[in-house]
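Student: Let's see this in three dimensions:
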Amino acid sequence: MKKLFLNDRFVLWIILLNAITIFIQGFEIDSRYLNLAKAADNFFTIIFLFEMAVKIREFGFNKYWNKNWNKFDAILVILATPSLILWIFNLNDIGLQFLLVFRIARVFKFFRFIQFVPNVNKLIKGINQALKASVIVIFGFFIYNFVVSIVTCFLYQNIAPEYFGDPFLSFYTIFKIFTIEGWYEIPELIASETNPTIAFLSKAYFILILLTGGILGLSLVNSIFVDAMVSDNNEDLEKKVDNLSEEINKLRQNLE
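Tutor: As a prediction, this is how the structure comes out:
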């Protein structure tokens, strides 16, 4: 039993089966099958708790906790534990709405699948490196979004309150425009509520926002982020090229 729970392949299959039970619970099915899926889901939670206990006993708590993936596993299982308690003591129907959060938390168990993705450590390292390299650009993009949203809020707060009624709503709307998602609908709405001159200026204004924030801004952020992610691979390639050059130079010297 201990070897079974220390086998990553076995744990992966348990995670996949648990994901299926969670997936089934999202459908409107017969209550008998739904209760069966819930029971299976909670059974998997018990298995994960047992797995955690086995690993702590096998490696010791300090050695277990020093591994980041074990921390990740433990947090996800702990998040799902309240749902198990609610099921065991039949507390789902006592009328406390905040308990719904505990029942939703069981979904997080599926995120344990991430650690079994091939080369996931290298991927995480690349993302971390990319975030560090592009943090200034992302911050600048955020500031630009903030400034434009404040200006646009004061310009169109009364004309289109559903989009620019307050600074926070305006910030969200401007960000949607930056993502080039339905950006044309907003100036069309403003044009229908104003005179032709303001309508023309408004369209030009939102085109400018789209060009600077959506096409140029997001493209810049994406390019820097992607370049930083693959830079690690480029460094390895450059080292190999340098080593190959050194070998070629040594061969030339020997031939001479």
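Student: show me where pLDDT drops low in the protein?
Tutor: 91-106, 229-241, 256 (pLDDT under 70).
Student: mind listing the strands for it?
Tutor: For the chain, no strands are identified by DSSP state E.
Student: Walk me through the domains of it.
Tutor: 2-116, 123-255 (automatic domain parsing).
Student: Can I get those in CSV including mean neighbour count?
Tutor: Where C-beta positions appear, they are placed from N, C-alpha and C, glycine not excepted. What follows is the domains of the chain, written out as CSV (neighbours: other Cβ atoms under 10 Å):
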stretch, mean neighbour count
domain 2-116, 15
domain 123-255, 14
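Student: All the helices of the stretch 101-250 of the chain, residue numbers only.
Tutor: 120-156, 161-164, 167-178, 185-193, 196-209, 218-255 (DSSP state H, counting those that start in this stretch).
Student: need those helices in JSON lines with distance to F50, can you?
Tutor: Listed next are the helices of the stretch 101-250 of the chain as JSON lines, based on distance: least, Cβ to Cβ, whole Å:
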{"stretch": "helix 120-156", "distance to F50": "25"}
{"stretch": "helix 161-164", "distance to F50": "52"}
{"stretch": "helix 167-178", "distance to F50": "44"}
{"stretch": "helix 185-193", "distance to F50": "53"}
{"stretch": "helix 196-209", "distance to F50": "55"}
{"stretch": "helix 218-255", "distance to F50": "38"}
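Student: Those helices: which one's closest to A80?
Tutor: Among the helices of the stretch 101-250 of the chain, the nearest to A80 by Cβ to Cβ is helix 120-156 (21.3 Å).
Student: Can you give the distance of that closest one from its chain's centre?
Tutor: 15 Å (Cα atoms, centre = their mean, to the nearest Å).
Student: related to what we said a few turns ago, now for the helices of the stretch 101-250 of the chain, which one comes closest to F61?
Tutor: helix 120-156 (23.1 Å).
Student: my guess is I24 contacts L36, does it?
Tutor: No. Between I24 and L36 there is no contact under Cβ atoms under 8 Å: 9.0 Å.
Student: quick one: contacts for I46?
Tutor: Taking Cβ atoms under 8 Å, 6 or more residues apart in numbering, we find I46 in contact with L84.
Student: How much space separates it from A40?
Tutor: Computed as Cβ to Cβ, to the nearest Å, the I46 to A40 distance reads 11 Å.
Student: With I159 instead?
Tutor: From I159 to A40 the distance is 54 Å (Cβ to Cβ).
Student: One more: D30?
Tutor: D30 sits 15 Å away from A40 when distances are taken as Cβ to Cβ.
Student: What of V147?
Tutor: Counting by Cβ to Cβ, the gap from V147 to A40 is 52 Å.
Student: Please name the residues that touch the closest residue to A133 other than its chain neighbours.
Tutor: Closest residue to A133 apart from its sequence neighbours, by Cβ to Cβ, 6 or more residues apart in numbering: A228 at 3.6 Å. Contact analysis of A228 by Cβ under 8 Å, 6+ apart lists 126, 129-130, 132-134.
Student: Recalculate using a threshold of 10 Å.
Tutor: Contacts for A228 (Cβ atoms under 10 Å, 6 or more residues apart in numbering) come out as 126-134.
Student: Which residues lie in contact with I190 in this structure?
Tutor: By Cβ under 10 Å, 6+ apart, the neighbours of I190 are 155-156, 159-160, 163-164, 198-199, 201-203, 205-206.
Student: Grab the nearest non-local neighbour of it.
Tutor: That would be S202: by Cβ to Cβ, 6+ apart, it lies 4.7 Å from I190.
Student: Cheers, nothing more for now.
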